[in-house]
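Trainee: the sequence and its predicted three-dimensional model are supplied below.
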Number of protein chains: 2
Amino acid sequence: MNNFEYHNPTRIVFGRGVIERLSGLIPAEKKVLMTYGGGSIKRNGVYDQVMKALAGRQVLEFGQIPPNPHYEHLMEAVKLVKREQVGFLLAVGGGSVADGTKFIAAAARYEGADPWDILAKGAEVASAVPMGVVLTLPATGAESNGGAVISRHSTQEKLVFSSDHCFPRFAILDPEVTFSLPDKQVRNGIVDAYVHVMEQYATYPVNAALQDRQAEGILLALIEEGPKTLRNPKDYDSRANLVWCATQALNGLIGVGVPQDWATHYIGHELTAFYGLDHAETLAIVLPALLRNQKARKRAKLLQYARRVWGVTDADEDAAIERGIACTAEFFESLGMPTKLAAYGVSPEEAAKRVSERFAQRGTKLGEYGDIGAEQAAQILRTC
Amino acid sequence: MNNFEYHNPTRIVFGRGVIERLSGLIPAEKKVLMTYGGGSIKRNGVYDQVMKALAGRQVLEFGQIPPNPHYEHLMEAVKLVKREQVGFLLAVGGGSVADGTKFIAAAARYEGADPWDILAKGAEVASAVPMGVVLTLPATGAESNGGAVISRHSTQEKLVFSSDHCFPRFAILDPEVTFSLPDKQVRNGIVDAYVHVMEQYATYPVNAALQDRQAEGILLALIEEGPKTLRNPKDYDSRANLVWCATQALNGLIGVGVPQDWATHYIGHELTAFYGLDHAETLAIVLPALLRNQKARKRAKLLQYARRVWGVTDADEDAAIERGIACTAEFFESLGMPTKLAAYGVSPEEAAKRVSERFAQRGTKLGEYGDIGAEQAAQILRTC
């Protein structure tokens, strides 16, 4: 097991009706900027619940944060935070709103010339406006981690940053507010959480027995509960399990002391940037192909995965590994999520060319060994 | 799944050589009181490592905290903290030192007449001196939770308190410093962690799929890694796994949103108070007997436990449940830990009488249904 440090200060408030707890979680004297997306929170009652909980407070609003939030738009909120001396950011939405709000929080306190440097150059985030999250979409885990993914229209880029200062102070998780989500978003959430686990699990063994079991536990719970919640969206317990799985999949816990991959994510980000595919769609496409491409080097963990998660008892190890990978793709397909580029009208050859050109240009090196570059990305995408 | 709140602010610093990180974790201006136990830290080099890391700081010492730390002794440290205006408590040791230090932290800031009320009457802990832990014994999970167990000699009592203010700010976990532990303490730690999980798991189902998987994951890892680390105490990875399992077993995570039992612990505390048995010994004695006694009401979870943790495939459910309980006792025995009172020279009849008298006197009601009282405790202890 590798040395590690783990600190997750986000307070989780979980269950039915917990949005009313908001007023006790945000310091009374702070001016609040509430951020949200396209307005579904106004249709499903979440907006009203939040406003009721914050009655009597100074609350400004910044809406219309889209999936894959982009720099140009978020910088408008940064101006607003500075001008209005906002003291607390409240993200009400899914991972995109949470991510966008983390960037607003960091950029508003950034003292360098251009906050884009936080993403493009890894400029240090020395401070951030405190923030909290009311989660409406279980998927990214952004509600209790310090990371965010931000896009830039002008350059077709999608980049990542992370800071200890960007952990939400609290995350309010009421599974009932997710009942009205369209199937597509629920499906995306299941796949997203699943692949988050795989990025931290399917690498090489370092004898981290508990992290492995915890990762497998999330996968097993997602396999068990994901289809249930799609079949019966108002089954509270199934939805609660999905929400909690998604949080636990990317709050840092299962990744402590183990090597991590994340190549599927980085390759996927390019597919979103070039073709506008949903984040989870890119993951469902890339993961099985990447696991096959890296089969030799991920062998021990892929075998363990097949045996423990998919119950593959085949004595032939190669066959077992292949079966585990196939089960993964079949699971995504069973949720209604295609796992091939063609199903989304994208040519694998073209995607391979565009992504590998960009990786070559940037000198990108990915994966737990830090050596998946342009050539491997092209190989992987050609089989997607 | 039940509603819950989860907030664990302890920073975990884990791995080889991490004690040197201490100086960055304690504010430089604070006067430190270092607390420890019987002096093993002076023999195994931990004391020197801590002192080296804190060179140039004002460090006072309070040693000789025994297993099952007691009120009378700890109150001397409380006086010292007040007199010397200590600003930070550093517990260097196992669960007893951590627990004792939590009580010192709370009692030193307590404004009521008698700090014993924190334990005896559940008096509110409104504040506590900040503290950190350098863990030398993986077992209780005290390094990242807000709870503590304290005894009082004069009354032969062993009581519990818990406060958000008593979470350590950090926990330094270097598995290497535990290599020199006697077998007995390692065994105690494995059993303690195992039973912590069972108290949060073996109750009744509330469809908390992930919490169940996480709990089972810790049990599986303990079953796998516990015997390895006893056989080969200097195998770093096995010991690291045990340390991490013990922390995760009682940091609150697996207990969110699920019913909890803790009757084994409370009955066990009385055995320690009356007969001086080690905490873990009492757990190994009481747990199997309690599970059998409560078999009907814990049926669904005991069946799941037998199937998933012990791989019992017996189609007869009653036989499977009984096998799961038997495997539990066999596991403890295989570690060298007897599971019957007679092995410790204690008469089950007498223990049943003494403990049930005390429970009757106090009106004690335990377990996930809150109805295990004097009579059931006597039934259970008679079969121990």
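Mentor: Everything's here; your move. Bear in mind the structure is a predicted one, so any value in this text is a computation, not a measurement.
Trainee: how about A:Asp371, nearest residue that isn't a chain neighbour?
Mentor: Excluding the flanking residues, the one nearest A:Asp371 by C-beta to C-beta, 6 or more residues apart in numbering or on different chains is A:Lys365, at 5.8 Å. All C-beta atoms are positioned from the backbone trio N, CA, C, and that covers glycine.
Trainee: distance of that neighbour from chain B?
Mentor: Using C-beta to the nearest C-beta, to the nearest Å, A:Lys365 is found at 25 Å from chain B.
Trainee: again with A:Gln376
Mentor: Between A:Gln376 and chain B the distance, using C-beta to the nearest C-beta, works out to 30 Å.
Trainee: neighbours of that residue, just the number please.
Mentor: A:Gln376 has 20 neighbours, counted by other C-beta atoms under 10 Å in any protein chain shown.
Trainee: before we move on, the earlier item: what about the residue nearest to A:Asp371, how many residues nearby?
Mentor: 15.
Trainee: contacts only, for the spatially closest residue to A:Arg16 that is not a sequence neighbour.
Mentor: Closest residue to A:Arg16 apart from its sequence neighbours, by C-beta to C-beta, 6+ apart: A:Glu176 at 5.6 Å. Neighbouring residues of A:Glu176 by C-beta atoms under 8 Å, 6 or more residues apart in numbering or on different chains: A:Arg16, A:Gly17, A:Tyr236, A:Arg239.
Trainee: got the residues of the stretch 1-150 of chain A near chain B?
Mentor: Within the stretch 1-150 of chain A, the residues that sit near chain B (C-beta under 8 Å from any C-beta of the partner chain) are A:1-18.
Trainee: and those residues, which of them are buried?
Mentor: Those of the residues of the stretch 1-150 of chain A next to chain B that meet the buried threshold are A:1, A:4, A:6-15, A:18, by 16 or more other C-beta atoms under 10 Å in any protein chain shown.
Trainee: list the buried ones in stretch A:270-286?
Mentor: For stretch A:270-286, burial by neighbour count (16+ other C-beta under 10 Å) applies to A:270-275, A:277-286.
Trainee: can you tell me what sits against it?
Mentor: A:67-68, A:139, A:149, A:151, A:156-158, A:184, A:187-189, A:191-192, A:195, A:264-265, A:267-269, A:329, A:332, A:337-341, A:344, A:346, A:351, A:354-355, A:358-359, A:380-381, A:384.
Trainee: just the buried residues out of these, in ChimeraX syntax.
Mentor: Restricted to buried positions by 16+ other C-beta under 10 Å, the ChimeraX selection for these reads:
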select /A:67,68,139,149,151,157,158,187,188,189,191,192,195,264,265,267,268,269,329,332,337,339,340,341,344,346,351,354,355,358,359,380,381,384
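Trainee: tell me which entries of the contacts of stretch A:270-286 lie within helices.
Mentor: Those of those mapping onto helices are A:184, A:187-189, A:191-192, A:195, A:264-265, A:267-269, A:329, A:332, A:351, A:354-355, A:358-359, A:380-381, per DSSP state H.
Trainee: can you list the buried residues in the helix or strand containing A:Arg83?
Mentor: Taking DSSP states H and E as the definition, one finds A:Arg83 inside helix A:71-84. For helix A:71-84, a neighbour-count test (16+ other C-beta under 10 Å) marks A:Tyr71, A:Leu74, A:Met75, A:Ala77, A:Val78, A:Leu80, A:Val81 as buried.
Trainee: contacting residues around it?
Mentor: With contacts defined as C-beta under 8 Å, 6+ apart, helix A:71-84 is touched by A:31, A:33, A:35, A:60, A:62, A:64-66, A:86, A:89, A:100, A:103-104, A:107-108, A:115-116, A:119, A:129, A:150-154.
Trainee: can I have the buried ones of these as a PyMOL selection?
Mentor: Buried residues among the contacts of helix A:71-84 (16+ other C-beta under 10 Å), as a PyMOL selection:
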select buried, chain A and resi 33+35+62+65+86+89+100+103+104+107+108+115+116+119+129+150+151+152
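Trainee: and the most centrally placed residue in chain A, what pLDDT?
Mentor: Nearest to the mean C-alpha position of chain A, counting by C-alpha atoms, centre = their mean, stands A:Thr140 at 2.7 Å. A:Thr140 is assigned a predicted lDDT (pLDDT) of 92.
Trainee: now it: closest residue in space, sequence neighbours ignored.
Mentor: Excluding its sequence neighbours, the residue lying closest to A:Thr140 (C-beta to C-beta, 6+ apart) is A:Gly95, at 2.9 Å.
Trainee: likewise A:Leu159?
Mentor: Nearest non-adjacent residue to A:Leu159, counting by C-beta to C-beta, 6+ apart: A:Leu119, 4.1 Å away.
Trainee: and that neighbour, which of the three is it?
Mentor: Under DSSP: H, G, I helix; E, B strand; the rest coil, the three-state class of A:Leu119 is helix.
Trainee: list the ones among the contacts of helix A:71-84 that fall in strands.
Mentor: The members of the contacts of helix A:71-84 that map onto strands under DSSP state E are A:Leu33, A:Thr35, A:Leu60, A:Phe62, A:Leu89, A:Ile150, A:Ser151, A:Arg152.
Trainee: need the helices for chain A, in chain order.
Mentor: Counting by DSSP H, one finds helices in chain A at the ranges A:40-43, A:46-53, A:71-84, A:95-107, A:116-120, A:183-201, A:209-231, A:236-249, A:263-275, A:279-293, A:299-308, A:317-334, A:348-362, A:374-382.
Trainee: reformat the ones you listed as JSON lines; add distance to B:Arg169 and mean pLDDT.
Mentor: Supplementary listing: the helices of chain A in JSON lines, determined by distance: least, C-beta to C-beta, whole Å; pLDDT from 0 to 100:
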{"stretch": "helix A:40-43", "distance to B:Arg169": "36", "mean pLDDT": "92"}
{"stretch": "helix A:46-53", "distance to B:Arg169": "30", "mean pLDDT": "97"}
{"stretch": "helix A:71-84", "distance to B:Arg169": "30", "mean pLDDT": "97"}
{"stretch": "helix A:95-107", "distance to B:Arg169": "24", "mean pLDDT": "97"}
{"stretch": "helix A:116-120", "distance to B:Arg169": "28", "mean pLDDT": "95"}
{"stretch": "helix A:183-201", "distance to B:Arg169": "26", "mean pLDDT": "97"}
{"stretch": "helix A:209-231", "distance to B:Arg169": "23", "mean pLDDT": "98"}
{"stretch": "helix A:236-249", "distance to B:Arg169": "24", "mean pLDDT": "98"}
{"stretch": "helix A:263-275", "distance to B:Arg169": "33", "mean pLDDT": "95"}
{"stretch": "helix A:279-293", "distance to B:Arg169": "36", "mean pLDDT": "97"}
{"stretch": "helix A:299-308", "distance to B:Arg169": "35", "mean pLDDT": "98"}
{"stretch": "helix A:317-334", "distance to B:Arg169": "41", "mean pLDDT": "98"}
{"stretch": "helix A:348-362", "distance to B:Arg169": "40", "mean pLDDT": "97"}
{"stretch": "helix A:374-382", "distance to B:Arg169": "43", "mean pLDDT": "98"}
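Trainee: any idea how far the one residue in the stretch 251-384 of chain A that gets nearest to chain B lies from A:Cys245?
Mentor: Chain B sits closest to A:Gly257 of the stretch 251-384 of chain A, with a gap of 6.7 Å, by C-beta to the nearest C-beta. Distance, A:Gly257 to A:Cys245, by C-beta to C-beta, to the nearest Å: 21 Å.
Trainee: which of the two has more residues huddled nearby?
Mentor: In this view A:Gly257 and A:Cys245 are compared by other C-beta under 10 Å, and A:Cys245 has more residues nearby, 29 against 22.
Trainee: that one is in contact with A:Leu222, isn't it?
Mentor: Yes: A:Cys245 is within contact range of A:Leu222, at 5.3 Å (criterion: C-beta atoms under 8 Å).
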